[in-house]
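In: Sequence first, predicted model second:
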Amino acid sequence: MKTGRPTIYTAEAGKEICDVIASSSKGIKKICDTNKHFPNPDTIYRWVKEHKDFSDQYARAKRLQIEVIVDEIIDIADDVSQDALINDSGKQVVNHEHIHRSRLRIDTRKWLASKLAPKIYGDKVQLDNQHGTVGLTEEMIAELEATKKAYERPF
């Protein structure tokens, strides 16, 4: 009997994968590395393309994952436990490295949230239609609308 990572889609495997995604801030590669019984990331991406039910479930899980990421932003910002250290002479000093690393972690998560959920976490853009139309073809507009609808489905 062949052992290793699964390649055949099952609804049970799809649900388990999506449950883990929805409750973790980790990327799919890290999730698959941690859960050795999961298929490799390429197989999961293939399942997203080939199985509509899994694709819908995966999209919902990714939207929920954004909320986990936003919660982490708050946790990182509130954690002051390593912001100061005691140096060799016993004096308390600012731990600039930890503060900068925390800022990088927050900024990375904010950027990711703004890209994955721009309506909720993206920068607000003020449009002034002083320059007329932008020059999108009808085909481009239709493709944009289809993509927008796919990501705006309710949880």
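Out: Cool, the structure landed.
In: Helix, strand or coil: sort out the residue minimising distance to the centre of the chain for me.
Out: Centroid-nearest residue in the chain, with Cα atoms, centre = their mean: Ile66, separated by 5.3 Å. With DSSP: H, G, I helix; E, B strand; the rest coil as the basis, Ile66 sits in helix.
In: Determine the number of other residues adjacent to the closest residue to Lys49 other than its chain neighbours.
Out: Excluding its sequence neighbours, the residue lying closest to Lys49 (Cβ to Cβ, 6 or more residues apart in numbering) is Ser55, at 7.3 Å. No exception for glycine: its C-beta is placed from N, CA and C like everyone else's. Neighbours of Ser55 under the rule other Cβ atoms under 10 Å: 15.
In: From Arg63, how far off is Ser55?
Out: 13 Å (Cβ to Cβ, to the nearest Å).
In: same thing with Gly90?
Out: 49 Å.
In: Which of these two has more residues huddled nearby?
Out: Using other Cβ under 10 Å, the more surrounded residue of Gly90 and Arg63 is Arg63, with 18 against 6.
In: On the three-state scheme, the more buried one is what?
Out: What three-state DSSP gives for Arg63 is helix.
In: you'd agree it is up against Ala117?
Out: Yes. Between Arg63 and Ala117 a contact is recorded at 6.9 Å, counting by Cβ atoms under 8 Å.
In: State the pLDDT value of the residue in the chain sticking out farthest from the centre.
Out: The C-alpha centroid of the chain is most remote from Ser89, which lies 43.2 Å away (Cα atoms, centre = their mean). Reading off the confidence values, Ser89 has pLDDT 94.
In: so it is in which element?
Out: Following DSSP states H and E, there is no helix or strand that holds Ser89.
In: That one and Val80, how far apart?
Out: Taking Cβ to Cβ as the measure, Ser89 falls 22 Å from Val80.
In: Quick check: chain neighbours aside, which residue is closest to Thr7?
Out: With sequence-adjacent residues excluded and distances taken as Cβ to Cβ, 6+ apart, Thr7 is closest to Thr43, at 5.4 Å.
In: Can you report how many residues neighbour the one you found?
Out: Neighbours of Thr43 under the rule other Cβ under 10 Å: 17.
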